[in-house]
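Coordinates for the following, if possible.
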Amino acid sequence: MISVPASIASIVPKKIRVIGVPLDLGQQRRGVDMGPSAVRVAGLESKLESLGHTVEDAGNVEVVLAEQQTPGDLNARYLHEITATCTKHAEMVMEALDEGYTPLAIGGDHSVAVGSVSGVAEYYKRQNQCVGLIWLDAHSDINTPDTSPSGNVHGMPLGALMGLGPGPLANVFGWSPKVRPENCVLIGIRDVDLAEKENIRRAGIEVFTMRDIDERGMRSVMEEALRMAGRGTIGYHISLDMDFVDPEDAPGVGTPVRGGATYREAHLAMEIIADHGRMTSFEIVEVNPVIDEHNRTADLAVELASSAFGKKII
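Okay, here's the model as predicted:
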């Protein structure tokens with residue numbers, strides 16, 4: 001009789017559907033559209049299957065090429081195209097949930113999150129439920145066209161999800177905000193525009209900066225964050241921007257900021273998420289293989305996803 005390691009036997013098997021979103025229109029540094037391929041090459045499917053999960057790859061959401069489009073309003077570049085992509089992505093997320101799968105999106109820039117969260121929120125709204133949101137990132141991504149210094153939409157997805165704008169992106173499926181402010185938690189931020197600080201106050205969301213992690217430790221921060229995101233909700237979506245991790249361990253990101261989560265802190269965050277067992281959906285964004293080192297960032301993304309889906313050391 002073959003014995004099953006306790007670390008695997010204790011994992012509740014899930015049906016996971018991988019959705020690639022090679023969206024790079026939200027920023028101007030090319031290469032992040034290859035992120036889904038890099039993460040797949042790093043063995044995402046096989047690593048999750050080795051934990052006992054059933055994994056289905058739904059392929060990629062279709063994304064138009066930047067070279068074939070015009071940016072439109074320079075305060076929100078490619079807003080129409082990004083909204084169209086996120087709407088298609090949201091519909092795929094809803095379909096996955098309806099068929100009993102846990103959606104796992106791989107991006108692409110962080111604009112992808114509007115599709116992920118809109119799909120999850122709409123699915124549960126139809127069941128008179130609401131969801132929470134855990135946003136792990138170096139940046140707060142809560143700019144709007146009026147406050148953004150660059151006009152890059154990958155700095156606006158949280159603003160859209162909280163109903164601050166831009167309008168088309170905020171109103172995917174015709175309503176906003178997608179998450180109640182008291183159920184939205186930012187973790188690990190360390191690079192915030194001046195106007196974003198005001199937007200954070202306007203939105204009323206919860207924030208744990210890297211200083212909070214330094215002073216309190218990752219476990220304390222994650223336990224409180226999950227309690228906040230989970231109160232009165234069916235569960236929470238996890239949005240992991242790889243620049244949450246310090247660039248020493250995750251060099252292949254478009255906007256690296258020193259002083260991020262260490263390798264072990266990042267794993268601990270994912271392990272605690274898995275322990276709580278209330279994750280509705282998961283996404284990894286901002287993997288850019290063009291500026292990576294030997295696919296290190298994609299490899300780490302797969303490791304962190306494995307921890308979030310239950311992998312333990314022993």
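
what is the spatially most central residue of the chain paired to in the beta sheet?
Centrality entry for the chain: nearest residue to the mean C-alpha point is residue 239, 2.2 Å, by C-alpha atoms, centre = their mean. Using DSSP bridges, the bridge partners assigned to residue 239 are residue 135, residue 283.

In contact with it, which residues?
Taking C-beta atoms under 8 Å, 6 or more residues apart in numbering, we find residue 239 in contact with 110, 113, 116-117, 133-137, 283, 285. To be clear about C-beta, it is placed using only N, CA and C from the backbone, and glycine gets the same treatment.

Looking at those, spot the one nearest residue 91.
For the contacts of residue 239, the residue nearest residue 91 by C-beta to C-beta is residue 116; the value is 11.6 Å.

Let me know whether residue 263 touches residue 300 as I believe.
Yes. Residue 263 lies in contact with residue 300 (C-beta atoms under 8 Å); the separation is 7.5 Å.

Do you have the strands of the stretch 101-250 of the chain handy? List them.
102-107, 132-136, 184-189, 206-209, 236-241 (DSSP state E, counting those that start in this stretch).

To residue 153, which of those lies closest?
Of all the strands of the stretch 101-250 of the chain, strand 102-107 sits nearest to residue 153, with 12.7 Å by C-beta to C-beta.

Report the mean confidence score over that closest one.
Averaged over strand 102-107, pLDDT sits at 98.

Need the contact partners of it.
Contact with strand 102-107 is made by 14-23, 32, 35-36, 39-40, 44, 89, 92-93, 96-97, 112, 115-116, 119-120, 279-287, 301, 305, as judged by C-beta under 8 Å, 6+ apart.

Would you mark the buried spots in it?
Neighbour counts over strand 102-107 (16 or more other C-beta atoms under 10 Å) mark 102-107 as buried.

Tell me where the model's unsure across this protein.
Along the chain, the parts satisfying pLDDT under 70 run over 1-9.

Next, count neighbours for residue 250.
Neighbour count of residue 250, defined by other C-beta atoms under 10 Å: 28.

That one is in contact with residue 296, isn't it?
Yes. Counting by C-beta under 8 Å, residue 250 does reach residue 296; the two are 7.4 Å apart.

and which of the contacts of residue 239 is nearest residue 126?
Nearest to residue 126, judged by C-beta to C-beta, of those is residue 117 at 15.1 Å.

Now do the contacts for the closest one.
Contacts for residue 117 were tallied using C-beta under 8 Å, 6+ apart; they are 131, 133, 161, 178-179, 237, 239.

From the contacts of strand 102-107, list just the buried residues.
Buried, going by 16+ other C-beta under 10 Å: 14, 16-23, 32, 35-36, 39-40, 44, 89, 92-93, 96-97, 112, 115-116, 119-120, 279-287, 301, 305, out of the contacts of strand 102-107.

Which members of those residues occur in helices, if any?
Among the buried ones among the contacts of strand 102-107, the members found in helices (DSSP state H) are 35-36, 39-40, 44, 89, 92-93, 96-97, 112, 115-116, 119-120, 301, 305.

ok, for residue 69, nearest residue in space, not its chain neighbours?
Once flanking residues are discounted, residue 69 sits nearest to residue 81: 5.8 Å by C-beta to C-beta, 6 or more residues apart in numbering.

is it fair to say the one you found lies in a helix?
Yes. Assessed by DSSP: H, G, I helix; E, B strand; the rest coil, residue 81 belongs to a helix.

For it, grab the count of nearby residues.
22.

Next, find the distance separating it from residue 107.
Distance of residue 81 to residue 107, given as C-beta to C-beta, to the nearest Å: 15 Å.

residue boundaries of the helices in the stretch 201-314 of the chain?
Remark: helices assigned in the stretch 201-314 of the chain by DSSP state H, counting those that start in this stretch are 210-216, 218-230, 263-276, 296-308.

and the closest residue in space to residue 280 that isn't next to it in sequence, what is it in contact with?
Excluding the flanking residues, the one nearest residue 280 by C-beta to C-beta, 6+ apart is residue 235, at 4.1 Å. Applying C-beta under 8 Å, 6+ apart, we find residue 235 in contact with 131-132, 278-280.
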